[in-house]
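Engineer: Here is my input; please provide its structure:
(chains A and B)
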There are 2 protein chains.
Amino acid sequence: MDFSSKLLEQAVDEMSQLPGIGKRTALRLVLHLLKQPEDQTTQLANALQNLRSNIKLCKNCYNISDTELCEICSNSSRISEIVCVVEDIRDVMAIENTGQYRGHYHVLGGKISPMDGIGPSQLNIKPLIEKVKAGKIEEIIFALSSTLEGDTTNFYIFKQLEGTGIKTSTIARGISVGDELEYADEVTLGRSITNRIPFEDSMKE
Amino acid sequence: MDFSSKLLEQAVDEMSQLPGIGKRTALRLVLHLLKQPEDQTTQLANALQNLRSNIKLCKNCYNISDTELCEICSNSSRISEIVCVVEDIRDVMAIENTGQYRGHYHVLGGKISPMDGIGPSQLNIKPLIEKVKAGKIEEIIFALSSTLEGDTTNFYIFKQLEGTGIKTSTIARGISVGDELEYADEVTLGRSITNRIPFEDSMKE
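Structural biologist: Residues are numbered from 1 along each chain as shown, chains lettered A, B, ... in the order given. Okay, the predicted model is just below:
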């Protein structure tokens, strides 16, 4: 693209570094900001800069946090002996939204993915194993997405935990509530039949 | 969404003010920035802030520019007597990319749209009329998109120019080069037949 303005070109270049934002979209977004009051741009720029400079990772669970210990880890009414292993903060938010979980989390920060050059050492796996070995945890719940990378990561952690005698579980896979059976994929439907639960149990929910 | 971090929440809130960016996309973009080196966020924030604070509109054509007079208006090899009326800088960029136009532009900054509360006074129409009345322009080319708003704006300017005796034209509408006739809409196909040009002329291009 041939810009008449270096300032505009720089802003578009930076904006188009974001994932899924091409040059055209970046130009549209930047032109929008130019039409808005200057305050809006200042607030956006400050919020991003502020976040990047001041954000912390919770020293216990590695979740994104404004403080040394995140709100969940510092909440004494949460059950610290049960730890749900997730990929990132979006998964924490999704599970928190259900209101069904009272334990702690452990945020890995990604999944083992040799294709993307991500090995176990780049993830927060070691501190999890150490927490388990220190005897502070009773149950680990694996809640990574069920992809090749997710399964690999689960299995890697599971092997590392061998001999600790800790209880491990994984979130249930099955047909989504409200979904039609005929549209479900075979793997999910197969698992939901194999892992069927007593009817009385399903009534309790 | 329930964020565990106020900093994160603010960044996502500001990011989701941009058009077409919802809360989920904003979160994805902001988390991406957190995974990148801090420099990237700083550069993005600075580029946006810099653009918003220092950008100018060319005092002749109202195009976005780093200088008082834009590159096109200050280029003495361009024909200042022919002025192409466009909506915004994206149209200028599109026409410049063709390399087929050597005249000046006049950027309106929008189209007359009563539904959005945009009247003639919010657009750069008055300075265009004044330039014409000052006798500096020989031909006006209307190049707004052919929507209801575009046609209204064209017609409004055309009425304002009555009595000045200036030559006005509009860019040709027709079948895109390389397009199949059968997929063209009727209005476009109709216009392209009505406004057919001598075959010899089409050979010159």
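
Engineer: buried set for the helix ranked longest in chain A?
Structural biologist: Selection of the longest helix in chain A by residue count, based on DSSP state H, yields helix A:38-54. Neighbour counts over helix A:38-54 (16 or more other CB atoms under 10 Å in any protein chain shown) mark A:40-42, A:44-45, A:47-52 as buried. The C-beta positions use only the backbone N, C-alpha and C, and glycine is treated the same way.

Engineer: Kindly report the same for stretch A:105-123.
Structural biologist: Buried residues in stretch A:105-123, defined by neighbour count with 16+ other CB under 10 Å: A:105-113, A:118, A:123.

Engineer: next structured bit after the strand or helix carrying residue A:105?
Structural biologist: Applying DSSP states H and E as the criterion places residue A:105 in strand A:103-107. The C-terminal neighbour of strand A:103-107 among helices and strands, as given by DSSP H and E, is helix A:126-133.

Engineer: ok, the residue lying closest to residue A:45 once chain neighbours are set aside - contacts?
Structural biologist: Closest residue to residue A:45 apart from its sequence neighbours, by CB to CB, 6 or more residues apart in numbering or on different chains: residue B:45 at 3.9 Å. With contact taken as CB atoms under 8 Å, 6 or more residues apart in numbering or on different chains, residue B:45 is in contact with A:44-46, A:48-49.

Engineer: Stretch A:122-142 and chain B, any residue contact?
Structural biologist: No. Contact of stretch A:122-142 with chain B (CB under 8 Å from any CB of the partner chain) is absent, the minimum separation being 10.9 Å.

Engineer: so how far is residue A:176 from the spatially most central residue of chain A?
Structural biologist: Taking CA atoms, centre = their mean, the centroid of chain A lies closest to residue A:88, which sits 2.1 Å from it. For residue A:88, the distance to residue A:176 equals 22 Å [CB to CB, to the nearest Å].

Engineer: any idea which of the buried residues of stretch A:105-123 is closest to residue B:189?
Structural biologist: Set against residue B:189, the nearest of those by CB to CB is residue A:113 (51.2 Å).

Engineer: Beta-bridge partners for that closest one, please?
Structural biologist: In this entry, residue A:113 is beta-bridged to residue A:118, by DSSP bridges.

Engineer: Need the pLDDT of it.
Structural biologist: Per-residue confidence (pLDDT) for residue A:113: 93.

Engineer: Next one: it from residue A:124, what distance?
Structural biologist: The gap separating residue A:113 from residue A:124 is 15 Å, by CB to CB.

Engineer: And residue A:48, by the same measure?
Structural biologist: Distance from residue A:48 to residue A:124, by CB to CB: 24 Å.

Engineer: which secondary structure elements does whichever strand or helix holds residue A:29 contact?
Structural biologist: In the assignment (DSSP H and E), residue A:29 maps to helix A:23-35. Judged by 3 or more CB pairs under 8 Å, 6 or more residues apart in numbering or on different chains; DSSP states H and E, the packing partners of helix A:23-35 are helix A:6-15, helix A:38-54, helix B:38-54, helix B:89-98.

Engineer: Quick one: closest of those to residue B:189.
Structural biologist: Nearest of the helices and strands packed on helix A:23-35 (CB to CB): helix B:89-98, 22.7 Å.

Engineer: List the buried residues in that closest one.
Structural biologist: Going by neighbour count (16+ other CB under 10 Å), the buried part of helix B:89-98 is B:89, B:91-93, B:95-96.

Engineer: so which of the residues you listed are also by chain A?
Structural biologist: Within the buried residues of helix B:89-98, those near chain A by CB under 8 Å from any CB are B:89, B:92-93, B:96.

Engineer: hmm, which two among these are most spread apart?
Structural biologist: Taking CB to CB, no two of those sit farther apart than B:89 and B:96, at 10.0 Å.

Engineer: Would you mind giving the buried residues of helix B:89-98 as TSV with pLDDT and distance to residue B:58 added?
Structural biologist: Formatted as TSV, the buried residues of helix B:89-98 follow (pLDDT from 0 to 100; distance: CB to CB, whole Å):
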residue	pLDDT	distance to residue B:58
B:89	90	10
B:91	92	15
B:92	92	10
B:93	90	14
B:95	90	15
B:96	89	14
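
Engineer: Mind picking the two most distant members of the residues you listed?
Structural biologist: Maximum distance among those (CB to CB): 10.8 Å, for B:89 and B:95.

Engineer: Quick check: closest non-adjacent residue to residue A:81.
Structural biologist: Leaving aside its sequence neighbours, residue A:81 sits nearest to residue A:138 (CB to CB, 6+ apart; 4.1 Å).

Engineer: And for the one you found, the neighbour number?
Structural biologist: Neighbours of residue A:138 under the rule other CB atoms under 10 Å in any protein chain shown: 14.

Engineer: what packs against the lengthiest strand in chain A?
Structural biologist: Longest strand of chain A, by residue count under DSSP state E: strand A:79-86. Packing partners of strand A:79-86 (3+ CB pairs under 8 Å, 6+ apart): helix A:89-98, strand A:103-107, helix A:126-133, strand A:139-142.

Engineer: weakest of these by average pLDDT?
Structural biologist: Across those, helix A:89-98 gives the lowest mean pLDDT, at a mean of 90.

Engineer: now for it, which elements pack on it?
Structural biologist: The helices and strands touching helix A:89-98, judged by 3+ CB pairs under 8 Å, 6+ apart, are strand A:79-86, strand A:103-107, helix B:23-35.

Engineer: what sits up against that helix?
Structural biologist: Applying CB under 8 Å, 6+ apart, the contact partners of helix A:89-98 are A:63-64, A:72, A:84, A:86, A:101, A:105, A:107, A:143, B:1-4, B:8, B:27, B:31.
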